[in-house]
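Colleague: Sequence and predicted structure, then a few things I'm wondering about:
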Amino acid sequence: MQVMILVQVCVDDILFGSNNNTICEEFVATMQGEFEMSMMGELTYFLGLQVMKLKHGTFLNQSKYCFDLLKKFKMEDCKEATTPIAINCLMDAS
């Protein structure tokens, strides 16, 4: 299995993950040796995205972000409306 680490830097936040715990621990030690940083734990919400780690992968959604927007504009009780979308078209690069 190929070992990899994914790192995202967003202003003063760093998100990272790996398929190898040792690599994560080494990354944390290196970063803490260079910068003042604290570990916040497993990612659950970031930039409007909810992150849920499931048995078969990671699921992202924006339901909390949408609800917060509705609440901000006092629209929590508004009625839903379907958004029409073509279901039989193929989307490819050609």
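Modeller: Great, that's in hand.
Colleague: Name the secondary structure element that contains Ala29.
Modeller: Using DSSP states H and E, Ala29 sits in helix 21-34.
Colleague: I'd like the mean pLDDT over that helix, please.
Modeller: What helix 21-34 shows for mean pLDDT is 93.
Colleague: All the helices of the protein, residue numbers only.
Modeller: Counting by DSSP state H, the chain has helices at residues 21-34, 63-72.
Colleague: Let's have the ones you listed in a markdown table, adding mean neighbour count and distance to Gln2.
Modeller: From N, CA and C alone the C-beta is placed, and that goes for glycine too. Converted to a markdown table, the helices of the chain look like this (neighbours: other Cβ atoms under 10 Å; distance: least, Cβ to Cβ, whole Å):
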| stretch | mean neighbour count | distance to Gln2 |
| --- | --- | --- |
| helix 21-34 | 12 | 11 |
| helix 63-72 | 11 | 33 |
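Colleague: could these go into a markdown table alongside distance to Leu47?
Modeller: Putting the helices of the chain into a markdown table (distance: least, Cβ to Cβ, whole Å) gives the following:
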| stretch | distance to Leu47 |
| --- | --- |
| helix 21-34 | 20 |
| helix 63-72 | 9 |
